[in-house]
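Novice: Build me a model from this:
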Amino acid sequence: MVYVQYDDQSSMASRLAIAEESIDQAFDDIDGALAFASDVSAGLFPEFWKNAARIELKQNPLSVFSVRYDIGTHLPSYQIWWSPWFQTEEGTAYSEEWVEEVVRVTVPDQRGFIWIRRLDKDTFELERYWLAE
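Specialist: As a prediction, this is how the structure comes out:
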């Protein structure tokens with residue numbers, strides 16, 4: 001989903017023109033945005049990412065839910081959170097004591113979003129995040 005905000009000072013036509021200039025590049029950079037969001041998420045959910053790193057995941061646990069062009073900027077932002085399609089994955093790994101064990105990776109139940117702004121090709125910044133209480 002693509003959201004383009006406009007108001008009386010920034011007409012719909014001018015805001016759509018801004019979005020049309022960069023939307024293809026924004027879609028091409030989704031994998032980079034997801035990788036950047038994974039790093040942000042690792043700070044918020046270290047236990048999940050610690051387990052995820054122990055086995056090779058077949059799916060990305062994060063998804064882009066929208067690309068937004070907010071008033072006041074011509075840069076797109078990605079709204080990212082846990083993928084509703086992520087299926088729990090299992091694999092074996094060795095513990096710190098070198099004992100083989102089953103590792104089960106399930107996305108957290110926490111609700112929220114991470115907003116990542118695309119500055120340029122493969123260049124992103126954390127705009128903000130929100131976690132439900």
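Novice: What helix or strand is residue 18 located in?
Specialist: helix 12-28 (DSSP states H and E).
Novice: Counting by contacts, list what that helix packs against.
Specialist: strand 2-4, strand 62-69, strand 112-120 (3 or more C-beta pairs under 8 Å, 6 or more residues apart in numbering; DSSP states H and E). Yep, even glycine has a C-beta here, placed from its N, CA and C like the rest.
Novice: How about residues contacting it?
Specialist: 2, 4-6, 67, 69, 71, 74-76, 78, 118, 121 (C-beta atoms under 8 Å, 6 or more residues apart in numbering).
Novice: follow-up on the earlier one: adding mean neighbour count, mean pLDDT and distance to residue 20, write the helices and strands packed on helix 12-28 out as a markdown table.
Specialist: Shown next, in a markdown table, are the helices and strands packed on helix 12-28 (neighbours: other C-beta atoms under 10 Å; pLDDT from 0 to 100; distance: least, C-beta to C-beta, whole Å):
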| stretch | mean neighbour count | mean pLDDT | distance to residue 20 |
| --- | --- | --- | --- |
| strand 2-4 | 15 | 96 | 9 |
| strand 62-69 | 19 | 98 | 10 |
| strand 112-120 | 18 | 97 | 15 |
